[in-house]
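# only geometry, no sequence info:
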């Protein structure tokens, strides 16, 4: 699986959009970009994933650049409950990858009142 | 029910004790996972069960022994642990036994283990 690089920490004001970047310059054509987050004292929580196209769900939007070398997770209206560590993971889909999520150091997002 | 339930939430054990961690899901998922997370570090995969068979063992020491009695249950048996094994142990499940394009992991809240 491709290595991902994220900033160690970011701040965001409550009610504003939080844009979390992720670099995955060595990603292969059939590797998906997954985002999970981990709120303190809880297990990681799935947010969103995508291959080439931009994706949106009830939690967030995922913007993947055309060359797929980087992506941005967007939380449109951040709340205090979005304070967490956010992990960007590149994962080969299908076959025997068995969901071997390899978590990097992630980005600590702190949402301020 | 979209929950993965782990018990106990906290466990303190001595180095000569034998204990077990339990994980349960009722989502009909066919793959289950154990992850280990040291303080201020990301989770690391330990084991993967697919259709109740051990598919992946990430070179975990034998003092950790996983067991999958049925598709809803996953245990982690602990024996002769060391203080450095103190960590948060996370269980997860996913729908398919293999990994499809829309697969996602559902995690429990973990068992915080302290080895004295």
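Everything's here; your move. Everything quoted here is computed from the prediction, not taken from an experiment. Numbering: from 1, shown residues only, chains lettered A, B, ... in the order given.
# give me the residue from chain B nearest chain A.
Evaluated by Cβ to the nearest Cβ, chain B has residue B:107 as its residue closest to chain A, separated by 3.1 Å. All C-beta atoms are positioned from the backbone trio N, CA, C, and that covers glycine.
# residue A:49 contacts residue A:55, doesn't it?
Yes: counting by Cβ atoms under 8 Å, a contact exists between residue A:49 and residue A:55, whose distance comes to 7.2 Å.
# identify the contacts common to the two.
Taking Cβ atoms under 8 Å, 6 or more residues apart in numbering or on different chains as the contact criterion, the common neighbours of residue A:49 and residue A:55 are residue A:62.
# with neighbour numbers in mind, choose between those two.
residue A:49 (20 against 17; other Cβ atoms under 10 Å in any protein chain shown).
# count the neighbours of the residue nearest to that one when sequence neighbours are not counted for me.
Take residue A:49 and drop its neighbours on the chain: the residue closest to it by Cβ to Cβ, 6 or more residues apart in numbering or on different chains is residue A:34, 4.2 Å away. Other residues within reach of residue A:34 by the criterion other Cβ under 10 Å amount to 23.
# any idea which element residue A:34 lies in?
In this structure, residue A:34 sits in strand A:31-38 according to DSSP states H and E.
# which pLDDT value belongs to the residue most central in space within chain A?
Centre of chain A computed as the mean C-alpha position; nearest residue by Cα atoms, centre = their mean is residue A:35, 3.2 Å away. What the model reports as pLDDT for residue A:35 is 96.
# so what's it up against?
With contacts defined as Cβ under 8 Å, 6+ apart, the neighbours of residue A:35 are A:20, A:22, A:46-49, A:60, A:62, A:73, A:86-89.
# the same query, at a cut-off of 7 Å, please.
Taking Cβ atoms under 7 Å, 6 or more residues apart in numbering or on different chains as the definition of contact, the neighbours of residue A:35 are A:47-49, A:62, A:73, A:86-88.
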